[in-house]
Structures are given as C-alpha cells and as structure tokens.
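J.: Got a predicted structure plus its sequence, pasted below:
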Amino acid sequence: MNWKNQRRILAVHEQLHRIEMGRLSRLERRARELKEEETRIVECLDGNRKLIALFPEVVLQRLKANIRQQQELRTEVDRQTNVTLEQAKRVKQAERLVADAEMERDKAMELEALREVIEHYATPRDFSAP
C-alpha cells in the first residue's frame, strides 16, 4: 500500500512542477516582450528626432514604466525560478520514495514466495498412499 501512496504523491508533485514550469515560462515570455518593447522605444527615439520633439514626456514615461516593469518582473522570474527548482527537488524526492517503496514491496513479495516454497517443502508428505 505504501508504494501506491508514494506513486500518488509523485503524481501530485509532477503536476505541481508542470504548473510552476508554466508560470515560469509565462514570466520569462513577458520579460522578453518588455525587453523587446524597450528596444523598439529606444530605436524610435534614435531614429526619429521629430518624435522626440513631439512626445518627449510620453515616450520617457513609457520607457521608465517599461524599465520598472522589467525590474519587477526580474524579481518575479527569480522567485518563480526558485519555486520551480524547489518543486523539481520535491519531484525527485517523490521519485526516490516511490522507487524505495517499490523495492520494499518487491522484497516483501519475494520473501512471501520464498516462505511459501519453504512451507511447501517443509510439509511432511504421506508416501504410504498407493
């Protein structure tokens, strides 16, 4: 019964790990999008001097907001990376527990089979029958 419980625990940890990996992937994608937006803003500033004259405050505010969001997202990505790594460790631990439980189950089954063989051959036989 223990190995079945360990298998269930492993399945739960694997599912949680997939969820955390998905979260991390979404955060990393958002970080790339923000970096690309920053690059586009800077390229726009570099390439179009008229735009700078028309919308300097708006562009500057957006650039500052983008940089602030990137910093916040970096912190969140780091946190999510740590959570994901911790969940991966739990999956590995659960896998080891399952393997150990299965090994114990197999040993118990082998011992039971051996006990049955010994009992079979240890039982006195009636050889007087025709």
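T.: Received the coordinates, thanks.

J.: roughly how far out does the lengthiest helix in the chain sit from the chain middle?
T.: Using DSSP state H to define each element, the chain has its longest helix at helix 56-122. Offset of helix 56-122 from its chain centre (CA atoms, centre = their mean, to the nearest Å): 5 Å.

J.: tell me, what residue is most central in the protein?
T.: residue 17 (2.6 Å; CA atoms, centre = their mean).

J.: Quick check, pLDDT for the nearest residue to that residue once chain neighbours are set aside.
T.: In space, residue 17 comes closest to residue 87 once its chain neighbours are excluded; the distance is 4.5 Å by CB to CB, 6 or more residues apart in numbering. Every C-beta, even on glycine, is put in place using the N, C-alpha and C of the backbone. Note on residue 87: pLDDT of 91.

J.: Verify the stated contact: residue 87 with residue 13.
T.: Yes: counting by CB atoms under 8 Å, residue 87 touches residue 13, with 6.9 Å between them.

J.: Now the common contact residues for the two.
T.: Taking CB atoms under 8 Å, 6 or more residues apart in numbering as the contact rule, residue 87 and residue 13 have no neighbour in common.

J.: Residue ranges in the protein under the pLDDT threshold?
T.: For the chain, the stretches with pLDDT under 70 are 1, 45-56, 125-130.

J.: Which strands or helices does the longest helix of the chain pack on?
T.: If contacts are counted by 3 or more CB pairs under 8 Å, 6 or more residues apart in numbering; DSSP states H and E, helix 56-122 sits against helix 2-47.

J.: Quickly note the distance from the spatially closest residue to residue 20 that is not a sequence neighbour to residue 101.
T.: In space, and not counting its chain neighbours, residue 20 is closest to residue 84: 4.3 Å by CB to CB, 6+ apart. Applying CB to CB, to the nearest Å, the value for residue 84 to residue 101 is 26 Å.

J.: can you pull the contacts of residue 123?
T.: Contacts of residue 123 by CB under 8 Å, 6+ apart: none found.

J.: Quick check: the gap between it and residue 114.
T.: 15 Å.

J.: One more: residue 39?
T.: 70 Å.
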